[in-house]
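Engineer: based on what follows, work out the 3D shape:
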Amino acid sequence: MNIPANDNAFNRRKFLQSGGLALASAAILAACGKNDKVATSYPRIGNSPTTTGLPTAHVTDAVLLRTASSLEWCAIDAYTAVAALGLLPSAATSVVKRFQADHKAHSAALTPLIKKAGGEPFECANERINELYIGPAVELITGNESKGIPASDTPVDDLIVLAHGLENLAAATYQYYVSLLATPALRGAAMTIGQDEARHAAVLAQVIIPDGKGIAPSTNETTGKPNPAAVPGAFGSLAAVTFSIGKTSEAGTKTQLSLDTPSLNSLAYEYASC
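Structural biologist: Take a look at the predicted model:
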């Protein structure tokens, strides 16, 4: 019987490959037999830093209420800093004091609710929110020479815009928390406080845009007919609150900032304390 040359070549290759695999396997087995210890460390360059995990935490009603209280104190501290600058006119200063008193009342109202929900009261500002939003905003208004940040050329206007942004942030937070709170009574409390924050924002909007142009009912002086009125945006939107403050650039623009409602990394969890 004649075997084709190609078949012979195939068989020889297969034999050599099988033989090579067998020899390699035998070498590995022999090496393992000589050293029963398994390597526990490997060469490396440099040292990896040790890390400490955060405590296990759950988003509960108490955590949400503690976070809301921390936002109230963010506003309280912000208004204190604004008043200390001495830039606002007397009429605006009285409004700031009233708003600050309202925020203190909100925090006081949240304290028994937090306790009832099984949590410890949180009566201090949210450090993460201050770090991310309020601190940088204040620096854009007052300036920070060490960071090369010039002071705003319209500080009073910027302070009012910042206050408006913070009030909108607070209102959006309470609105969002209504959908997260498990206890119906707490949802009602959140809506009650949230409407106060929305009223604050509405008052400041009147200062920024006098007479409510564009959103309040008005009459055309020429025709005597009502002018179209519309809210410039989705009502009750939970999108980021954006505004522009700081020194005006050569292009005529200011720095734009965005405020977002507290996320998982800025909640006042039970392990956090003032």
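Engineer: so what's Asp260 closest to, chain neighbours aside?
Structural biologist: Ala240 (5.1 Å; Cβ to Cβ, 6 or more residues apart in numbering). Every residue, glycine included, has its C-beta placed from N, CA and C.
Engineer: what about that neighbour, how many neighbours?
Structural biologist: 12 (other Cβ atoms under 10 Å).
Engineer: the one 3 residues further on too?
Structural biologist: By the measure other Cβ under 10 Å, the count of residues near Phe243 is 19.
Engineer: and Gly118, how far is that from Leu181?
Structural biologist: Distance of Gly118 to Leu181, computed by Cβ to Cβ, to the nearest Å: 14 Å.
Engineer: who has more neighbours, these two?
Structural biologist: Legend: neighbour count by other Cβ under 10 Å for Gly118 and Leu181, higher for Leu181 (21 against 10).
Engineer: need phi/psi at that one.
Structural biologist: Torsion angles at Leu181 (phi, psi; degrees, to the nearest 10) stand at phi -70, psi 130.
Engineer: pretty sure it sits against Leu64.
Structural biologist: Yes. Counting by Cβ atoms under 8 Å, Leu181 does reach Leu64; the two are 6.1 Å apart.
Engineer: before we move on, back to that, so the residue nearest to Asp260 touches Ser263, yeah?
Structural biologist: No. With contact defined as Cβ under 8 Å, Ala240 does not count as touching Ser263 (11.4 Å).
Engineer: picking that back up, which residues sit in contact with the residue nearest to Asp260?
Structural biologist: For Ala240, the contacting residues are 258-260, by Cβ atoms under 8 Å, 6 or more residues apart in numbering.
Engineer: buried only: go through those residues for me.
Structural biologist: Listed as buried from the contacts of Ala240 are 259-260; burial here means 16 or more other Cβ atoms under 10 Å.
Engineer: which of the contacts of Ala240 sits closest to Asp77?
Structural biologist: Comparing the contacts of Ala240 against Asp77 with Cβ to Cβ places Leu259 closest, at 15.4 Å.
Engineer: specify the beta-bridge partners of that closest one.
Structural biologist: Taking DSSP bridges as the rule, Leu259 bridges to Val241.
Engineer: which element is Leu64 on?
Structural biologist: Leu64 is part of helix 61-85 when elements are defined by DSSP states H and E.
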